[in-house]
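>>> Give me the fold of what follows.
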Amino acid sequence: MNKPLRRVAIFCGLLMLALLLRDNWLQFVRADELRTHTANRRVTIERYATPRGDIIVGNKAVTGSVETKGSDFKYKRTYTNGPLYAPVTGYASQAFGANQLEAIEDGILTGDDDRLFFNRTIDIFTGKPRQGGNVITTINEKAQKAAFEGLKGKKGAVVALDPRSGAILALVSVPSYDPSSFAGNSKKDQEAWVALQKENNPDDPMLNRALRQTYPPGSTFKVVTAAAALENGLYEDINGKTDSPLPYTMPLTSQPLRNDGNLPCKNASMNEALRVSCNTVFAKMGIDLGREKMRKQAEKFGFNQEIFTPIRAVESVFPDDIDEPQTGLASIGQGSNRATPLQMAMVAAAIANDGVLKKPYLVDALTAPDTSTISQTKDSTFSKPLSEENAQKLQEMMENVVENGTGRNARIPGVTVGGKTGTAQHGENNKNNPYAWFISYAKSDNGSPVAVAVVVESSNTLRDDIAGGALAAPIAKSVMEAVLGR
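This is a model prediction of the structure:
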C-alpha cells in the first residue's frame, strides 16, 4: 500500500474510532440525561400513551384517565371531587408536570418503577400496553368530606390522624382547586393554570395550608407548655396552685400581660388555667422553664424540622434566639411561634396516645396493576414527647376543657373528647382578624382512634365573634364523629 492510501486508511480508521467512542458515550454515559431531557418529546409522548394508575380513597379511585383529542398526548388525568382531594393527590398535568402524591409516586402510577419490572415483562409477552400501579391512601372518605364541608365559606385547613398508628385520616385545605381543569395541554388548560396562581388569585387556592402554611398556634400551644412543665418537674399536681400572680408583667416589660376577660387566673391550677385559657399562667410557666427547655419540648413533638408524609410538610418553628418576654409569648402560641395544622394534630395525637407520637403517613400501600401488594406501610414511632403518666394528666386537663371550658362545642354524647381552643393574633398589632384554632381527640373502647387540628384562617364571622371554640371546634367535632361512625 502506498503512502497516500495508507494515510487515508489511517484517517478513516480514526474517524471510525471517534464514531464508536461517540456512540458509546451517548448510549451509556448520557443515555439517562437524553432520555429525560425536556426537549425529548418522544419521552413525553410515551409518558401519556397509556392511562396512569389510580390514587385510592377507601375502595374508590379518586383519579382516572381519559383520551384526549387533537393531541399526540393520548391520555390525560381526571379527578373525582378534585377540590376535595387536591391536598392529597396533587396534580398531574401534561403542561405543568406533577406534585404531591402524583409526583412522589409517579413511577408506580406510570408503571415505570423498577418494582413493576415483572409486570412490564409479562405485558410484553401478552401484548398488553404498559399499566400503572395504584396508590392506596389512608384517607377516611367520610372524615375528609366532613372537614371539607365544615370549612365551606371559610379559609383554613384540617388534619386528622389516628394516634395509634399515625395514619392521616383527613387532609383538607380550603380554598382548593380542581386539578382536572389544567390536566391537559390546551389553551383552556393554560388559562386555568394562570388563573390559579397566587399573583392572579390572592386566596392562593393551590397552597396546601394543611402542610405548607404555618400559623401562630395561639392557645392550643399551651398544652405543649403544660407538657414541658410536667416533664421538667416545674409542677406535678395539675390541681395544685401555680405561682402565677395577677396582674403579671413579664421581665423586661412594663405593661401587664392580658387575659381574655376577667378570668380566675391568679395562682390558678394547671387544670383550671387550661380550662379558661390563662395567658398569664402559661406565659410565666414558659419563662420559669426557660427557652431551652421549652424549645426541646416543642421539638419532641416535631417542631423545627420538616415532616414527610411522604408529602413534605414545612417545619413548624419554636424560636431559639429569644429573650424572656419573647419566650413568654411563644409559650402561649404567639410571637415567633408558628405551626402547621399537621404539627398541632401531632401534638394532640401524642397526648391521646399516652405520650407516644407515631410518624404521620398518608400512603397505606402501593399495589401492582393486578392488585398485588408492592409495599405496605408499617407504623413507626416518631418520638415519645412525654411519659404515660404525664400524658394522662394532660388528657384530664383537655377533657375538662371540653366538658366545662372553652371547648364545649366539641362534645359528643357518649364519647370522651379532649381539646383545646386557640385564638391567635394576626398581623402587626393584631390588625387583621385573628386565626381560630381547635385541637382535639376522641376516645373509644379501643383507645383514641382520631386526633384533629383545625385552623380557620378567615371567614365571614364578625371579628368580635371569632374564637376557636365557636368556629373551629364544631368542625373538629364533625370530623371526629365521621371517624367514629356517628
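
>>> State the distance from Cys198 to Val402.
Just to correct that, residue 198 is Lys rather than Cys. 37 Å (CB to CB, to the nearest Å). No exception for glycine: its C-beta is placed from N, CA and C like everyone else's.

>>> For those two, work out which one has more neighbours and name it.
Val402 (28 against 11; other CB atoms under 10 Å).

>>> Now do the helix or strand where that one lies: distance to the chain's middle.
Under the criterion of DSSP states H and E, Val402 resides in helix 388-404. Centroid separation between helix 388-404 and its chain, computed with CA atoms, centre = their mean, to the nearest Å, is 25 Å.

>>> can you dump the C-alpha coordinates of that helix into PDB?
Provided in PDB are the C-alpha atoms of helix 388-404 (Å, rounded to 0.1, in the frame of the first residue of the first chain):
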ATOM      1  CA  GLU A 388     -47.600   8.000  80.000                       C
ATOM      2  CA  GLU A 389     -48.400   9.400  83.500                       C
ATOM      3  CA  ASN A 390     -48.000  13.000  82.300                       C
ATOM      4  CA  ALA A 391     -49.900  12.300  79.100                       C
ATOM      5  CA  GLN A 392     -52.800  11.100  81.100                       C
ATOM      6  CA  LYS A 393     -52.700  14.200  83.300                       C
ATOM      7  CA  LEU A 394     -52.900  16.300  80.100                       C
ATOM      8  CA  GLN A 395     -55.800  14.200  78.900                       C
ATOM      9  CA  GLU A 396     -57.600  15.000  82.100                       C
ATOM     10  CA  MET A 397     -56.900  18.700  81.500                       C
ATOM     11  CA  MET A 398     -58.000  18.700  77.900                       C
ATOM     12  CA  GLU A 399     -61.200  16.700  78.700                       C
ATOM     13  CA  ASN A 400     -62.000  19.300  81.300                       C
ATOM     14  CA  VAL A 401     -61.700  22.000  78.600                       C
ATOM     15  CA  VAL A 402     -64.400  20.200  76.500                       C
ATOM     16  CA  GLU A 403     -66.700  19.300  79.400                       C
ATOM     17  CA  ASN A 404     -66.500  22.500  81.400                       C
END
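
>>> which residue is nearest the centroid of the chain?
Leu211 (3.2 Å; CA atoms, centre = their mean).

>>> That one sits in which helix or strand?
Per DSSP H and E: helix 209-212 holds Leu211.

>>> could you say what helices and strands that helix packs with?
Helix 209-212 sits against helix 82-89, strand 155-161, strand 168-174, strand 312-313, helix 341-352, with contacts defined as 3 or more CB pairs under 8 Å, 6 or more residues apart in numbering; DSSP states H and E.

>>> Repeat the analysis, applying 6 Å as the threshold.
Helix 209-212 sits against strand 155-161, strand 168-174, with contacts defined as 3 or more CB pairs under 6 Å, 6 or more residues apart in numbering; DSSP states H and E.

>>> Would you reformat these as TSV and include distance to Arg52, mean pLDDT and mean neighbour count?
Listed next are those as TSV, based on distance: least, CB to CB, whole Å; pLDDT from 0 to 100; neighbours: other CB atoms under 10 Å:
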stretch	distance to Arg52	mean pLDDT	mean neighbour count
strand 155-161	26	97	29
strand 168-174	21	98	29
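
>>> Those: which one's closest to Asn232?
Of all these, strand 155-161 sits nearest to Asn232, with 26.1 Å by CB to CB.

>>> Thr138 is nearest to which of the helices and strands packed on helix 209-212?
Nearest of the helices and strands packed on helix 209-212 (CB to CB): strand 168-174, 5.3 Å.

>>> tell me what the closest one is packed against?
helix 82-89, helix 141-150, strand 155-161, helix 209-212.

>>> Out of those, which one sits most buried?
strand 155-161 (a mean of 29; mean count of other CB atoms under 10 Å).

>>> Now do that one against helix 82-89: the angle between them, please.
Computed by axes from the mean of the first three to the mean of the last three CA atoms, to 10 degrees, the angle separating strand 155-161 from helix 82-89 equals 50 degrees.

>>> which residues are in contact with the helix holding Val402?
230, 238, 271, 274-275, 351, 354-355, 407, 410-411, 417-420 (CB atoms under 6 Å, 6 or more residues apart in numbering).

>>> Where does pLDDT dip in the protein?
For the chain, applying pLDDT under 70 flags the ranges 1, 26, 28-40, 117-129, 426-432, 458-468.

>>> one more time with 50
429, 462-466 (pLDDT under 50).

>>> I figured the residue nearest to the centre of the chain hits Ala313, correct?
Yes. Contact criterion CB atoms under 6 Å: Leu211 and Ala313 qualify, at 4.0 Å.

>>> so what sits against both of those two?
Contacts common to Leu211 and Ala313, judged by CB under 6 Å, 6+ apart, are Leu342.

>>> Can you tell me how far the nearest residue to Arg295 once chain neighbours are set aside is from Phe303?
In this structure, Arg295 finds its nearest non-sequential neighbour in Phe318, 5.2 Å apart by CB to CB, 6 or more residues apart in numbering. Distance, Phe318 to Phe303, using CB to CB: 5 Å.

>>> Gly13 too?
67 Å.

>>> higher neighbour count, those two?
Phe303 (24 against 10).

>>> What's the separation between the more buried one and Arg295?
For Phe303 relative to Arg295 (CB to CB), the value is 8 Å.

>>> which neighbours do these two share?
Common neighbours of Phe303 and Arg295 (CB under 6 Å, 6+ apart) are Phe318.

>>> residues making contact with the host helix or strand of Ala436?
If you go by DSSP H and E, Ala436 is part of strand 432-444. For strand 432-444, contacts defined as CB under 6 Å, 6+ apart pick out 215, 218, 220, 344, 348, 352, 410, 415-426, 448, 450-457, 463, 466, 468, 471-473, 476, 480.

>>> ok, residues contacting the helix or strand just after that strand?
Downstream of strand 432-444, the first helix or strand assigned by DSSP H and E is strand 447-458. Residues outside strand 447-458 that contact it (CB under 6 Å, 6+ apart) are 154-164, 215, 341, 344-345, 348-349, 352, 435-442, 471-472, 475-476, 479-480, 483.

>>> Parallel or antiparallel, which strands does strand 447-458 pair with?
strand 155-161 (antiparallel), strand 432-444 (antiparallel) (DSSP bridges).

>>> and Leu101, which of these is closest to it?
strand 155-161 (15.6 Å).

>>> Just the angle for the closest one relative to helix 141-150, thanks.
Going by the same axes, to 10 degrees, strand 155-161 makes 160 degrees with helix 141-150.

>>> For the helix ranked longest in the chain, name the packing helices and strands.
In the chain, assigned by DSSP state H, the helix with the most residues is helix 3-24. Using 3+ CB pairs under 6 Å, 6+ apart, no helix or strand is in contact with helix 3-24.

>>> Backbone dihedrals for the closest residue to Tyr48 other than its chain neighbours, please?
Distances taken as CB to CB, 6+ apart place Phe73 nearest to Tyr48, at 3.9 Å, with adjacent residues excluded. The phi and psi values for Phe73, taken as degrees, to the nearest 10, are phi -90, psi 110.

>>> Can you give me the buried ones in the helix holding Val402?
Within helix 388-404, the residues that count as buried by 16 or more other CB atoms under 10 Å are Asn390, Ala391, Lys393, Leu394, Gln395, Met397, Met398, Glu399, Asn400, Val401, Val402, Glu403.

>>> same deal with stretch 300-309?
Lys300, Phe301, Gly302, Phe303, Ile307, Thr309.

>>> Let's see that stretch as CSV, backbone CA atoms only.
C-alpha atoms of stretch 300-309 as CSV (Å, rounded to 0.1, in the frame of the first residue of the first chain):
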residue,chain,number,x,y,z
LYS,A,300,-40.0,16.4,70.8
PHE,A,301,-43.5,17.0,69.3
GLY,A,302,-41.9,17.7,65.9
PHE,A,303,-41.2,21.4,65.8
ASN,A,304,-38.1,22.8,64.0
GLN,A,305,-38.0,20.0,61.4
GLU,A,306,-39.6,19.1,58.1
ILE,A,307,-42.1,16.2,58.2
PHE,A,308,-42.5,13.8,55.3
THR,A,309,-45.8,12.0,55.0
